[in-house]
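Novice: Predicted model and sequence follow; I will ask about them next.
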Amino acid sequence: MLIHLETQDDLDEAIRVLVKQDRRLAPILEATGMPALRRREPGFAGLAHIVCGQQLSTASAAAIWARLSQAFDPLDAIAFRRARADRLGRLGLSVAKIKTLKNVARELAAERLNLDVLANEDADAAHRTLTSLHGIGPWTADIYLLFCLGHGDAWPAGDLAVQEAVRTGLGLKARPNPKEMAPLAEPWRPLRGAAAHLWWSYYRVIRKREGVIGASQ
């Protein structure tokens, strides 16, 4: 069953269902309160935004994205495909990111890729479609599915904040790696995306308890 997290009410209901499914989440929700829904723009621009921020500080990613958004209004696959690589480099994109997004733009132009239909595919199948693209890794794929398409079952197993929150919340001895995160999330299907929102909120609670300001995610 496909569930979409389009509104805050959708997320609230999903969290309530999750807590009934897995009572281990009850104290997590008590600590965090209801998490806020996070959404980004869909389509090429949304994926480009995520790729732009890979392995960069929040401030650096925001600065590059601001320059891109100003240079391309709107930022779409056609405009990006036509843009010269040297111009994109001057705006702050690395060679690897330019190559990744140029390839995505070509796949969209050739109609071998349709980002919008992924919202209605099984989360694991949609994940495989995205990660088959050059330069799109598991984390990027899952963040796109969750934030840009509102896919209720997208599970960002490679996100360090979610991993650390799960470790603490479930009392694990060590932070689980992406492979270990998959079976841990099985009880939360088909709402793993909602669970991710809850774990991100819990990570912020943990960081605040530790006195760390400006926690990621």
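Specialist: Okay, I see it.
Novice: Distance of the residue most central in space within the chain relative to residue 161?
Specialist: Compute the mean C-alpha point of the chain, and by Cα atoms, centre = their mean the closest residue is residue 143, 1.3 Å away. Between residue 143 and residue 161 the distance, using Cβ to Cβ, to the nearest Å, works out to 12 Å. (C-beta placed from N, C-alpha, C; glycine too.)
Novice: mind checking which helix or strand the residue nearest to the centre of the chain is in?
Specialist: For residue 143, the enclosing helix or strand under DSSP states H and E is helix 138-143.
Novice: Same question for stretch 84-103: list its buried residues.
Specialist: 88, 91, 92, 93, 94, 97, 98, 100, 101, 102, 103 (16 or more other Cβ atoms under 10 Å).
Novice: Show me the contact partners of that stretch.
Specialist: Residues external to stretch 84-103 that are found in contact with it (Cβ atoms under 8 Å, 6 or more residues apart in numbering): 47-48, 51-52, 54, 60, 63-64, 67-68, 71, 80-81, 133-136.
Novice: ok, 6 Å please
Specialist: If you take Cβ atoms under 6 Å, 6 or more residues apart in numbering as the criterion, stretch 84-103 is touched by 48, 51, 64, 67, 68, 71, 80, 134, 135.
Novice: Return the alpha-carbon coordinates of it using CSV.
Specialist: The C-alpha trace of stretch 84-103 is given here as CSV (Å, rounded to 0.1, in the frame of the first residue of the first chain):
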residue,chain,number,x,y,z
ARG,A,84,28.3,25.2,-20.5
ALA,A,85,30.2,23.3,-17.9
ASP,A,86,32.6,26.1,-17.3
ARG,A,87,29.7,28.4,-16.5
LEU,A,88,28.3,25.9,-14.1
GLY,A,89,31.7,25.5,-12.5
ARG,A,90,31.9,29.3,-11.9
LEU,A,91,28.6,29.1,-10.1
GLY,A,92,30.2,26.6,-7.6
LEU,A,93,29.3,23.2,-8.9
SER,A,94,32.0,20.6,-8.9
VAL,A,95,32.9,18.6,-12.0
ALA,A,96,31.3,15.5,-10.5
LYS,A,97,28.1,17.2,-9.7
ILE,A,98,27.9,18.8,-13.2
LYS,A,99,28.4,15.4,-14.8
THR,A,100,25.7,13.9,-12.6
LEU,A,101,23.1,16.6,-13.3
LYS,A,102,23.9,16.7,-17.0
ASN,A,103,23.3,13.0,-17.2
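Novice: Which strands or helices does the lengthiest helix in the chain pack on?
Specialist: For the chain, the helix that runs over the most residues, judged by DSSP state H, is helix 192-209. Secondary structure elements in contact with helix 192-209, counted by 3 or more Cβ pairs under 6 Å, 6 or more residues apart in numbering; DSSP states H and E, are helix 8-21, helix 26-32, helix 160-169.
Novice: Make CSV from those and add mean pLDDT to it.
Specialist: Formatted as CSV, the helices and strands packed on helix 192-209 follow (pLDDT from 0 to 100):
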stretch, mean pLDDT
helix 8-21, 98
helix 26-32, 98
helix 160-169, 97
